[in-house]
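Student: sequence first, predicted model second:
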Amino acid sequence: MFDRSLWAERYTTVPSWPCPRCAIGQLQLVEGSLVNEETGWSSTAHSHEAWEPDWIEKRYSAHLRCSDAQCGERAVVVGTVKCDLDYGYDYDGQTTMEVVEIFYPEFIHPSPSLIALVEETPTDVFEEIQRASSLIWIDTSSSANKLRLAAERVLTALKVNRTKIQKSKRRPLMLNERIGLLGPQYAEIADLLHSIRFLGNHGSHESAVSVDRSDLLNAFEIMEHVISIAFSTKAKRVKAAAKDIKRRKGKPPVRNKKSTL
């Protein structure tokens, strides 16, 4: 199941992400590897007369290791730490204040994939998904654009034409046109790919408004479903079985009886 909490913009602790190598274990924080230090300008700001603890900004890095002993993949995460003030009351009714560190990851190498991909996923589709995943925290618009490119790769893997002859000249087909060329056996994924196309188009154009993070996570989940339908042997087998049962209206299949001679 797609766990959206793993791809939040901010965390109070460094979480465990899916291993990008084996997809079985989790990338867990290596004990003692977290480095968390205040920036130069943040340290200088302490002398300002209006300074408050929530002005503090730090940079952090940490090493991660896959929990699967047979894999043991290593990764590194870097990002920014900001501080929030958490107010409360003690037993005497006096106001209390706690400084809470909030981690904003910006880069993980190698990047975990946001979605679970079936074994049959074409390599170039997988690689584009990885690029989109690596940008999830630092630039949602660029991530959406890479996801749009992954949609192009899906169509290419399904043998959808990339160009057409028009007025005696060959021109490239737009993604919208390519989706329209999908055969009836892939009608289910056409609308799904259009949603990714729209979001990717927004990410490709210069805009003061970045792609909405929730929309982007939805697009990743949609892409996971598209890839399963398009390439999973199991999905194709289930679809064929359902079609066969529907054709027979639930009646038992006709089987050839063995000769009793």
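Tutor: Perfect, I can see it now.
Student: please count neighbours and contacts with C-alpha atoms only from this point.
Tutor: Fine.
Student: all helices of the stretch 51-200 of the chain, in order?
Tutor: Residue ranges of the helices in the stretch 51-200 of the chain, as given by DSSP state H, counting those that start in this stretch, are 123-134, 140-157, 175-180, 187-204.
Student: closest to the centroid, which residue in the protein?
Tutor: Leu114 (3.1 Å; C-alpha atoms, centre = their mean).
Student: spit out the contact partners of that one.
Tutor: Trp7, Ser133, Phe220 (C-alpha atoms under 8 Å, 6 or more residues apart in numbering).
Student: distance to Ile229 added to the residues you listed, as TSV?
Tutor: Shown next, in TSV, are the contacts of Leu114 (distance: C-alpha to C-alpha, whole Å):
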residue	distance to Ile229
Trp7	24
Ser133	21
Phe220	14
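Student: re earlier: gap between the residue nearest to the centre of the chain and Pro252?
Tutor: Distance, Leu114 to Pro252, using C-alpha to C-alpha, to the nearest Å: 42 Å.
Student: same deal with Lys239?
Tutor: 18 Å.
Student: ok, the two, which is more surrounded?
Tutor: Of the pair Lys239 and Pro252, Lys239 is the one with more neighbours under other C-alpha atoms under 10 Å, namely 12 against 8.
Student: burial measure for the closest residue to Ser204 other than its chain neighbours, as a count.
Tutor: Nearest in space to Ser204, with sequence neighbours left out and distances taken as C-alpha to C-alpha, 6 or more residues apart in numbering, is Asn145 at 5.8 Å. Asn145: 24 surrounding residues under other C-alpha under 10 Å.
Student: can you check the pLDDT for Asn145?
Tutor: For Asn145, the pLDDT comes out at 95.
Student: sorry, back to before: got the helices of the stretch 51-200 of the chain as CSV, with distance to Gly93 columns?
Tutor: What follows is the helices of the stretch 51-200 of the chain, written out as CSV (distance: least, C-alpha to C-alpha, whole Å):
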stretch, distance to Gly93
helix 123-134, 46
helix 140-157, 44
helix 175-180, 62
helix 187-204, 50
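Student: remind me which residues of the stretch 1-150 of the chain are low pLDDT?
Tutor: 1 (pLDDT under 70).
Student: spit out the contact partners of Ala235.
Tutor: Ser228, Ile229.
Student: mind telling me what element it is part of?
Tutor: Using DSSP states H and E, Ala235 maps to helix 233-247.
Student: rounded mean pLDDT for that helix, please.
Tutor: 82.
Student: which parts of it are buried?
Tutor: Using 16 or more other C-alpha atoms under 10 Å as the burial criterion, none of the residues of helix 233-247 qualify.
Student: starting at the chain centroid, how far to that helix?
Tutor: Offset of helix 233-247 from its chain centre (C-alpha atoms, centre = their mean, to the nearest Å): 29 Å.
Student: ok, stretch 241-258 next?
Tutor: 40 Å.
Student: again with stretch 74-88
Tutor: 21 Å.
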